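> Here's my sequence, what's the structure:
(one chain, ligands or ions: 1)
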Amino acid sequence: MTYPIRPIDESEWPAFARVNEEAFGWTPHPKQAERFKAQTEFDRTLAAFDGEQIVGVTGVFSLTMTVPGRQLPVAGVTAVSVLASHRRRGVLSSLMRRQLADIRERGESVAALYASEALIYGRYGYGRAAAELSFKVDTHRSAFVPGAPQDPSLRLRVAKPADVRPELETLFAAVVARRPGRYERKPEFWTSVLADEEYDQHGAGSLRTVLAEDDGGVRGYALFRIKSSWDETGVPDGTLKLQELEAADPAAYALLWRSVLDRDLVSTVEAGRPVDDPVIALLADQRRLRARWADELWVRLVEVDKALTERAYAAPVDVVIEVEDDVCPWNARRWRLTADLTGAECKPVEEEPDVTLPVAALGSAYLGDGMLGERLDAGLLREHSSGAVRRLATAMSWSPKPWAGLTF
Ligand SMILES: CC(=O)SCCNC(=O)CCNC(=O)[C@H](O)C(C)(C)COP(=O)(O)OP(=O)(O)OC[C@H]1O[C@@H](n2cnc3c(N)ncnc32)[C@H](O)[C@@H]1OP(=O)(O)O
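Reported below is the predicted structural model:
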């Protein structure tokens, strides 16, 4: 059976949202539902219909995302949901194929998403492209290494987040291009970031902010909540849940982390950060950073040649890549990628390939996390010219490592 697919209009929003709520098993507060609606780009929604009933949905955010060396329009895939009554009948597969065709038509060469489960998206050509470390730091063991930067001209300012929103937005906009995976925030996204109703707090108190600044202006900020507690002997044992810490320079960064780690009445700081977060280098006793690793962004190259031309490369490379892609067949052919530090070219060729790889492998490597070597060592890539994969992996790797930091 086929399920016709089309975008919804605003009047169909309740039925669209209901499929999402049913599939995820969540019951949003009316204000959360309002924020979800405000972020929705109706012309980029897709709904699959069984008769009059919507049974599957997805949507796209038109993001401007940082990739190595550039910022690109990227399709941020979201709200993927199929009703339990219609699961495993191919509804998601139809939605994904239609969505990828639409993204191509729109001229975006890259799609990205956060996966609810790791097994869903590989079949559609998405590869795990960024990772996050979720960690807990024992604040009493959080001294920095000697030589951590200090700048006496910096001072801290405590403020209510809503009162300093323009300053937070300006600082974020100034740093967003530094790390692949980060994306520019539209006003509706900022409204969600700063949302502070009781249900946003998850029992951890109001959203708070500390700004780092000098006479020239704001150089960084931390956004966090504090869950106060005292242990059974009366010793303060609070937890600070760091939502975001952004800084324009290392001294502001170090000062903000110190302000978070030295917070009175707090014994643990919890945070989700990039795997190469500079705080790891700053901590003298790195083992006190008790971490869990998890995949974060998944990336799909919708137009391989355009996507590979649009990013920058860390080293020169000249390699013929045979791409396997049965979902977007226009990608499935041999491409010659020639890149150096000034630019890249990716042309269709008939030559013998140096390497054959599934499109998901290129998606994994695209933001710079360097996962091609890992796949080669796992025996998952076919290398025809010795050393070709490592040369490609080196050229596609990037510092800093990719991380989006905010779910879309
Ligand atoms: C970016 C995001 O929004 S991530 C959010 C994803 N959504 C959720 O997790 C909400 C709950 N889950 C759902 O709504 C649905 O189960 C979905 C959307 C994950 C899958 O929808 P379905 O319509 O059942 O998928 P569909 O029938 O097209 O499955 C296609 C293939 O994927 C497989 N598949 C689908 N979901 C999963 C899964 N969760 N784990 C493993 N395999 C899966 C199917 O077995 C099928 O495999 P086959 O081609 O070998 O037979």
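
> and the residue of the stretch 251-400 of the chain nearest the ligand?
Scanning the stretch 251-400 of the chain for the residue nearest the ligand gives Trp298, at 8.1 Å (criterion: CB to the nearest ligand atom). C-beta coordinates here come from the backbone N, C-alpha and C atoms, glycine included.

> tell me the SS of that residue?
Recorded secondary structure, Trp298: strand (DSSP: H, G, I helix; E, B strand; the rest coil).

> Where does the closest residue to Thr191 other than its chain neighbours fall, secondary structure wise?
Excluding the flanking residues, the one nearest Thr191 by CB to CB, 6 or more residues apart in numbering is Arg35, at 6.3 Å. Using DSSP states H and E, Arg35 sits in helix 30-39.

> So is that helix next to the ligand?
No - using CB under 6 Å from any ligand atom, helix 30-39 stays clear of the ligand, coming no nearer than 12.2 Å.

> could you point out which element follows that helix?
Downstream of helix 30-39 (by DSSP H and E), the next one is strand 46-50.

> Please state the offset of the first helix or strand past that following strand going along the chain from the chain centre?
Per DSSP H and E, the first helix or strand lying C-terminal to strand 46-50 is strand 53-67. A distance of 14 Å separates the centroid of the chain from that of strand 53-67, by CA atoms, centre = their mean, to the nearest Å.

> got it, and stretch 103-110?
Remark: stretch 103-110 is offset 19 Å from the chain centroid, using CA atoms, centre = their mean.

> what is the mean pLDDT for that stretch?
When pLDDT is averaged along stretch 103-110, the result is 98.

> is the helix ranked longest in the chain anywhere near the ligand?
Determined from DSSP state H, the single longest helix within the chain is helix 91-106. Yes - interface with the ligand: helix 91-106 contributes Val91, Leu92, Ser93 (CB under 6 Å from any ligand atom).

> Among the residues you listed, name the buried ones.
Val91, Leu92 (16 or more other CB atoms under 10 Å).

> Tabulate the residues of helix 91-106 next to the ligand in CSV, adding columns for pLDDT.
Output for the residues of helix 91-106 next to the ligand, formatted as CSV (pLDDT from 0 to 100):
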residue, pLDDT
Val91, 98
Leu92, 98
Ser93, 98
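
> does the residue located most distally from the centre of the chain sit in a helix, a strand or a coil?
In the chain, counting by CA atoms, centre = their mean, Thr233 sits farthest out from the average C-alpha position, at 41.2 Å. Secondary structure state of Thr233, per three-state DSSP, is coil.

> how about the residues of the chain near the ligand?
Residues of the chain lying near the ligand (CB under 6 Å from any ligand atom): 23-24, 56, 77-82, 87-93, 113-117, 119-120, 123.
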